[in-house]
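Peer 1: Dropping a prediction and its sequence here:
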Amino acid sequence: MALRNHYNYLKSVAAVFLLFLVCAGLFNYLIDPYAVFDSARIAGISDLKPSAGSRVRMAKPYQVRNYRPKGIIAGNSRPELGLDPDHSCWPEFSHPVFNLGLPGAGVGMQAQTLKHALYESDVKLILWGIDFADFLAIKSDKPKSVLFNKSPKKTENKFIVNADGSHNTAYQYKKIEDYLSVIFSLDTAFDSFKTLLQQGDHNASTRQRNGFNPAKDYNSIILTEGQYVLFSQKNIEIDERFSKPRLTVFPYQSKQSNDFSSVSDL
């Protein structure tokens, strides 16, 4: 009798735990705090995505495949902040436009993400904001024979296309892995609750469904400290970056660059 009671208890615990996992997963999917699943955005519940900025590099490759754009804005944080896909300047044939800007991403990652977005797509227009500073590197005295490696083994599995242009057979497995890791995650659950609580904050950080960053989180800084502090901070960062010794666009003796190669190969 005691053994049966113990068995029934374990079954009840397992059932409750399974029910909790399903409910938590469904909650994370519906709120979709990182905009990974392209779940319906509900005003006052899940429209704003305050936590999406922390997962842009993981989410945007999936977002752009779901969005199926005919126009793409690519680059780093500057195009992501400065170019609105919904602006009237975009020609009709490029609608809808998706902002694929990746904050802090190098030229190589930008190029690979663009390849991913273009694979078997109907894209008609690309505006790629390439930053000169992204081509700078520290000059190396060591020769390097292989610069731009197109081997599929060097390609991240999150892209549907390999560096050599072939289809990445591991993509669907990586997609399922990423989806499950987001759905069944305590971090995601925390960010889902955060998303709910911050829906009334009109200055909350967010990413729109078209990938655009409206930068509303800067409004509070501007109101309290002014615009100067933002430019001052950026000027300090730029000065430190350009003050490094041995900066060059051709770091190797062969007068070549991985970044230039990744752009020309696109």
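Peer 2: Ah, there it is. Numbers count the residues shown, from 1 in each chain.

Peer 1: Helices along the stretch 51-200 of the chain, start to end?
Peer 2: 56-67, 77-82, 107-118, 171-183, 186-197 (DSSP state H, counting those that start in this stretch).

Peer 1: now those helices as a markdown table including mean neighbour count and mean pLDDT?
Peer 2: Heads up, the C-betas are built off the backbone N, CA and C, glycines and all. Converted to a markdown table, the helices of the stretch 51-200 of the chain look like this (neighbours: other Cβ atoms under 10 Å; pLDDT from 0 to 100):
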| stretch | mean neighbour count | mean pLDDT |
| --- | --- | --- |
| helix 56-67 | 21 | 94 |
| helix 77-82 | 18 | 93 |
| helix 107-118 | 21 | 93 |
| helix 171-183 | 15 | 93 |
| helix 186-197 | 17 | 95 |
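
Peer 1: Need those helices in JSON lines (columns: distance to Lys234).
Peer 2: As requested, these are arranged in JSON lines below (distance: least, Cβ to Cβ, whole Å):
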{"stretch": "helix 56-67", "distance to Lys234": "19"}
{"stretch": "helix 77-82", "distance to Lys234": "10"}
{"stretch": "helix 107-118", "distance to Lys234": "20"}
{"stretch": "helix 171-183", "distance to Lys234": "32"}
{"stretch": "helix 186-197", "distance to Lys234": "27"}
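
Peer 1: Out of those, flag the one nearest Arg246.
Peer 2: Closest of those to Arg246 is helix 107-118, at 19.4 Å (criterion: Cβ to Cβ).

Peer 1: Only the C-alpha atoms, please, for that closest one, written as PDB.
Peer 2: Taking Å, rounded to 0.1, in the frame of the first residue of the first chain, the C-alpha atoms of helix 107-118 are listed here in PDB:
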ATOM      1  CA  VAL A 107      31.300  43.300 -41.400                       C
ATOM      2  CA  GLY A 108      31.800  39.500 -41.700                       C
ATOM      3  CA  MET A 109      28.800  38.800 -39.500                       C
ATOM      4  CA  GLN A 110      26.700  41.400 -41.400                       C
ATOM      5  CA  ALA A 111      27.600  39.800 -44.700                       C
ATOM      6  CA  GLN A 112      26.800  36.300 -43.500                       C
ATOM      7  CA  THR A 113      23.500  37.400 -42.000                       C
ATOM      8  CA  LEU A 114      22.600  39.000 -45.300                       C
ATOM      9  CA  LYS A 115      23.400  35.800 -47.200                       C
ATOM     10  CA  HIS A 116      21.100  34.000 -44.800                       C
ATOM     11  CA  ALA A 117      18.300  36.600 -45.500                       C
ATOM     12  CA  LEU A 118      18.800  36.500 -49.300                       C
END
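
Peer 1: which secondary structure elements does it contact?
Peer 2: helix 56-67, strand 71-75, strand 125-129, helix 258-265 (3 or more Cβ pairs under 8 Å, 6 or more residues apart in numbering; DSSP states H and E).

Peer 1: contacts for the longest one?
Peer 2: Right, the one you point to is helix 56-67. With contacts defined as Cβ atoms under 8 Å, 6 or more residues apart in numbering, helix 56-67 is touched by 34-36, 38, 52, 72, 96, 98, 100, 102-103, 105, 109, 113, 116-117, 158-160, 175, 178, 207, 209-211.

Peer 1: okay, the angle between that helix and helix 107-118?
Peer 2: Relative orientation of helix 56-67 versus helix 107-118 (axes from the mean of the first three to the mean of the last three Cα atoms, to 10 degrees): 20 degrees.

Peer 1: What of the third one?
Peer 2: With the same axes, to 10 degrees as the criterion, the two stretches strand 125-129 and helix 107-118 enclose an angle of 170 degrees.

Peer 1: if you average pLDDT over strand 125-129, what comes out?
Peer 2: For strand 125-129, mean pLDDT is 96.
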